[in-house]
Every structure is written in structure tokens, then in C-alpha cells.
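Asks: pasting the structure only:
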């Protein structure tokens with residue numbers, strides 16, 4: 001898996017959210033698959049003030065680390081911080097400016113390649129000199145070419 005280090009400015013997202021954990025997602029009570037359905041049903045990508053070219057899968061508000069609960073937000077970046085017209089049914093959240101390690105998945109079925117990439121990321125950080133900050137990690141998808149059966153994602157892990 002390809003890995004690079006970059007710095008990114010703060011980003012404001014609008015999307016749908018759920019509180020979950022990796023343990024819950026490994027079983028039948030996982031919320032993320034249903035959240036994807038909810039994201040597409042809301043029509044958020046057609047809302048005013050939304051940049052519809054990319055879909056973010058943000059992991060934030062970590063209770064602790066990979067073993068604790070977190071909030072996942074599926075959403076889109078707002079146009080220059082403008083979230084007007086997006087309605088009260090959506091969650092608004094800021095991704096703080098940070099340094100990131102960016103991991104690029106293989107191309108394939110999104111459910112498989114993303115889970116495989118996260119397993120590699122967890123292994124990577126067990127032996128890494130970089131430290132995760134748990135301030136906001138995210139998956140980034142090209143919404144224009146999005147095909148869940150044959151996709152590539154970039155996973156941004158905030159590091160210090």
C-alpha cells in the first residue's frame with residue numbers, strides 16, 4: 001500500500017453521522033453500511049454550498065484509540081465554509097488542520113479494500129515512529145467516478 005505524508009488545512013464537512021466502535025462494526029450491529037445508504041438517500045450532494053466531487057468518511061470524537069468508540073460522519077466539504085441551506089438534518093463538523101499519513105487502497109469492492117487497508121494501517125502504527133493524534137482521520141472517495149464495486153480510497157490518518 002502506498003503511503004505519503006502531507007499537511008492539510010482545516011476542512012468543514014456536512015453529512016450524516018453515527019456513533020460506533022470497531023468492535024461493533026465487526027459484527028451484525030455495525031452502523032456504517034446503513035450510514036452509507038442514509039448518506040445517498042439524503043441528497044446531500046445536491047444541497048447548496050456543498051462541494052459534490054468528493055465524499056468524506058470522517059472518524060472523529062474518539063473516546064480513546066482504535067479500541068474505543070468514535071463518531072463516523074459521511075459527508076461532503078462545504079464551499080468556502082458555506083453550509084447555508086444544508087438543513088438541520090445534517091451534522092456539521094470541522095476536520096482540524098493537521099499532518100497526515102495518506103494510505104491509498106487497492107482498487108476493488110469498497111467494503112473489502114477499505115477493511116483490508118484499515119487492518120494494514122493498524123499494523124503499520126504498531127511498529128511506527130509516527131504517533132496517531134486521533135483528532136480526525138478520514139477516507140476520501142472520488143464522487144464523480146464512484147463505483148462501490150470497483151473503487152479506490154485514500155485514507156488520511158492524523159499524526160504528530
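Replies: Received, thanks. Since the structure is predicted, the reported quantities are computational estimates derived from the model, not experimental observations.
Asks: can you tell me the centre-most residue of the chain?
Replies: residue 57 (2.2 Å; C-alpha atoms, centre = their mean).
Asks: in this structure, which helix is the longest?
Replies: For the chain, the longest helix by residue count, based on DSSP state H, is helix 110-126.
Asks: and whatever helix or strand comes next after it, average pLDDT?
Replies: Counting by DSSP states H and E, the next helix or strand C-terminal to helix 110-126 is strand 137-142. For strand 137-142, the mean per-residue pLDDT is 96.
Asks: just the helices in this protein please.
Replies: Using DSSP H, helices in the chain cover 22-25, 32-42, 110-126.
Asks: and the ones you listed: which comes nearest residue 49?
Replies: In this view, these are compared for proximity to residue 49 by C-beta to C-beta, and helix 32-42 is the closest at 14.5 Å. For the C-beta atoms, the positions are set from N, CA and C on the backbone; glycine is no exception.
Asks: okay, buried residues for that closest one please.
Replies: 32, 35-36, 38-39, 42 (16 or more other C-beta atoms under 10 Å).
Asks: could those residues be laid out in a markdown table, adding pLDDT and distance to residue 7?
Replies: Formatted as a markdown table, the buried residues of helix 32-42 follow (pLDDT from 0 to 100; distance: C-beta to C-beta, whole Å):
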| residue | pLDDT | distance to residue 7 |
| --- | --- | --- |
| 32 | 94 | 28 |
| 35 | 95 | 28 |
| 36 | 92 | 29 |
| 38 | 94 | 32 |
| 39 | 94 | 28 |
| 42 | 92 | 31 |
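Asks: thinking again about what came up before, nearest spatial neighbour of the residue nearest to the centre of the chain, skipping sequence neighbours?
Replies: For residue 57, ignoring the flanking residues on the chain, the nearest one in space by C-beta to C-beta, 6 or more residues apart in numbering is residue 139 at 3.8 Å.
Asks: much appreciated, bye for now.
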